[in-house]
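J.: Sharing a sequence plus its predicted fold:
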Amino acid sequence: MESLGHFYLSPPNKSSDSHWVDNNLTNQGSEEFADLLKLIDWPSPPSSITDFSLSTNPKECRYELLSPRSIYRAGETLEVLITAKDHYGNIKSYGGDFFQAKLHSPVIKAGVTGRVTDLNNGTYLATFLLPWEGEAQVNIRLIHSSEAVSVLKDKRESHPEKVYFNGYFHFNGSTEEKECNIELPGQDVCNYNEPVSGDTWQCLKPQKMPCHSLVYHSMGGYRRVTNSLEDSLLSGSVTAQNINGAFTSIKIDPAIDSTALKRIDLHVNYQSGPLLAVDPDAGLVMRWRAHGNPLRTTKTMISDLHYEAAHLYGIGGGPQTVVVFTLWAHFTTYPVSVYIQRLSRLRRAISSLLFRSPETTVLIKSANTGYKSIYGSDWLSLQLDLLLRAMFKGMAVTILDVWDMTSCHYLPEDIHPGAPVIRNEVDLMLSYICPR
């Protein structure tokens, strides 16, 4: 099990006595924080763009198979060269575009993602494993141009207030509704500190009510933080668009047999919970709840929102206990330092759980694709997913990798995937809980 570092994660323009400071700062933590930032480093355009036509245009981009053959065999790899061009048809001279590549078969409804390597000169190499026999089609999409990624990166770090929340105060028969967030400007705020985990939340102070009269929480809304040029770079006409290629289909000869996945049809849409399911005959108890704020949800009682780290400190664990969690989608609008600090607290709680009950099974669901906006993009989700995997590396936990599952599926992408995807995710989860 890895040692747990501590970080000083200061947001912009914060004083040294801010509650963002981790008083247990260690050199190891600082080094890890720097390593995490290096892990998600993404190339940016050499200069700020002022002409939309100089950005990457999916209609001009092309791909071609390297060393194409008439027949491939299952288990081999396929390489595809992607060339990025601007709206004038000129090849880009720098990298940073966010492409997604998949190989899929509409006949057998199978898909696999390709690994895209940025060659930093306007070209990219997509590499695919060929896991099945029969026909397969190559599909390359430009999710965001390098110029759009630069906008996403800037707004993530400089405008965490672009998504805001509402707090509902009730006292002596009166109600007030105030804006809330992880941190708000000014001093006239109510501070809510979770004593066990150290998680924090703030709301603007109501005029005639005490801070402890906060009863409900909900999503508030979205603020526009982009100008017209930035809106153009993130518009649907240049976002998540297919690009043309010289070859679209290949034939794969058999190499190994494949087995079918069993299906479990068990998915229901709820909001933040908490929920309880009991099967006395099987001796199973399942508890589910949403993680603590920030949480984009309908109006929910504050008492029902538990910070995940604090909740884990109250679990005994053991060989009959399985803990499953996912934590990323509601953090795409915040600076990455906010997410790293949240994961750090969660990691300490899981480390404590595994120390006292090492036979506990801990499963972590990865991020999935679906978001396509300034408030939540696949690029932003991918960045958080990389951090999530890195921070739990070396621990006795299992990552349920569903990123590829959603990015190469035949269903339209959705942040809340469709039933076939959920069934596959459940199958994957159960394979670690009851493999026999």
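T.: Noted; the coordinates are in hand.
J.: which SS state does Tyr168 fall under?
T.: Assigned by DSSP: H, G, I helix; E, B strand; the rest coil, the conformation of Tyr168 is strand.
J.: Wait, it touches Cys180, no?
T.: No. Using Cβ atoms under 8 Å, Tyr168 is not in contact with Cys180, being 9.6 Å away. C-betas here are computed from N, CA, C, even on glycine.
J.: Which one of these two is surrounded by more residues?
T.: A direct count of neighbours by other Cβ atoms under 10 Å for Tyr168 and Cys180 places Cys180 higher, at 24 against 21.
J.: Buried ones in the helix or strand where that one lies, by neighbour count?
T.: According to DSSP states H and E, Cys180 maps onto strand 174-181. Residues 176, 178-181 are the ones in strand 174-181 that count as buried (16 or more other Cβ atoms under 10 Å).
J.: again, but for stretch 344-360
T.: 344-354, 360.
J.: as a whole number, average confidence for it?
T.: Stretch 344-360 comes out with an average pLDDT of 95.
J.: Excluding covalently adjacent residues, which one is nearest to Gly318?
T.: Nearest in space to Gly318, with sequence neighbours left out and distances taken as Cβ to Cβ, 6 or more residues apart in numbering, is Ser357 at 5.0 Å.
J.: Would you confirm that the one you found contacts Gly317?
T.: Yes. Applying Cβ under 8 Å, one finds Ser357 in contact with Gly317, separated by 2.8 Å.
J.: how about this structure, which residue sits the furthest from its center?
T.: Relative to the C-alpha centroid of the chain, counting by Cα atoms, centre = their mean, Asn172 is the outermost residue, at 41.4 Å.
J.: Could I get the phi/psi values of that residue?
T.: With angles defined as degrees, to the nearest 10, Asn172 sits at phi 50, psi 40.
J.: likewise the one 10 residues further on?
T.: Note on Ile182: its backbone torsions stand at phi -60, psi -40 [degrees, to the nearest 10].
J.: What is the burial count for it?
T.: Other residues close to Ile182 by other Cβ under 10 Å number 20.
J.: Contact partners for it?
T.: Contacts for Ile182 (Cβ atoms under 8 Å, 6 or more residues apart in numbering) come out as 160, 200-202, 293-294, 334, 338.
J.: What pLDDT does the model give Lys262?
T.: Looking at Lys262, its pLDDT reads 27.
J.: circling back: measure the residue farthest from the centre of the chain to Asn368 for me?
T.: Shown here: Asn172 relative to Asn368, a distance of 45 Å by Cβ to Cβ, to the nearest Å.
J.: and what of Thr406?
T.: Distance, Thr406 to Asn368, by Cβ to Cβ: 4 Å.
J.: Compare those two and say which is more crowded by neighbours.
T.: Counted by other Cβ under 10 Å, Thr406 and Asn368 do not tie: Asn368 has more neighbours, with 27 against 24.
J.: Please name the residues that touch the more buried one.
T.: 381, 402-403, 405-407, 415, 417.
J.: host element of it?
T.: Following DSSP H and E, one finds Asn368 outside all helices and strands.
J.: which one's the longest helix in the protein?
T.: For the chain, the longest helix by residue count, based on DSSP state H, is helix 336-356.
J.: Run through the neighbouring helices and strands of that helix.
T.: Identification of packing neighbours for helix 336-356 by 3 or more Cβ pairs under 8 Å, 6 or more residues apart in numbering; DSSP states H and E yields helix 27-39, helix 308-313, strand 322-325, strand 361-365, helix 378-391.
J.: Columns mean neighbour count on top of these, output as TSV?
T.: Output for the helices and strands packed on helix 336-356, formatted as TSV (neighbours: other Cβ atoms under 10 Å):
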stretch	mean neighbour count
helix 27-39	14
helix 308-313	20
strand 322-325	16
strand 361-365	19
helix 378-391	21
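J.: between those, which one is nearest to Val107?
T.: Between Val107 and the helices and strands packed on helix 336-356, the tightest spacing by Cβ to Cβ is seen for helix 378-391, at 26.6 Å.
J.: Give me the contact list for that closest one.
T.: 35-36, 39-40, 42, 98, 100, 143-144, 149, 152, 156, 240, 327-329, 331-332, 336, 339-340, 343-344, 347, 364, 366-372, 399, 403, 407.
J.: Next, format the helices and strands packed on helix 336-356 as a markdown table and append distance to Leu411.
T.: Shown next, in a markdown table, are the helices and strands packed on helix 336-356 (distance: least, Cβ to Cβ, whole Å):
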| stretch | distance to Leu411 |
| --- | --- |
| helix 27-39 | 30 |
| helix 308-313 | 29 |
| strand 322-325 | 23 |
| strand 361-365 | 18 |
| helix 378-391 | 15 |
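J.: who wins for proximity to Asn90 among those?
T.: Across the helices and strands packed on helix 336-356, Asn90 has its closest neighbour in helix 378-391 (23.6 Å, Cβ to Cβ).
J.: one step back: select only the buried ones of the contacts of helix 378-391 in ChimeraX?
T.: Remark: buried members of those, expressed as a ChimeraX selection using 16+ other Cβ under 10 Å:
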select :36,40,42,98,100,143,144,149,152,156,240,327,328,329,331,332,336,339,340,343,344,347,364,366,367,368,369,370,371,372,403,407
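J.: if we can go back for a sec, identify the residues contacting the residue nearest to Gly318.
T.: The contact partners of Ser357, by Cβ under 8 Å, 6+ apart, come to 316-318, 321.
J.: Select from these the one having the most neighbours.
T.: Most neighbours among those, by other Cβ under 10 Å: Gly317, with 20 neighbours.
J.: Tell me which residues touch that residue, please.
T.: Residues in contact with Gly317, defined by Cβ under 8 Å, 6+ apart, are 323, 353-354, 356-357, 359-360.
J.: So of the residues you listed, which two are at opposite extremes in space?
T.: Using Cβ to Cβ, the contacts of Gly317 reach their maximum pairwise distance at Val323 and Arg356, which is 13.0 Å.
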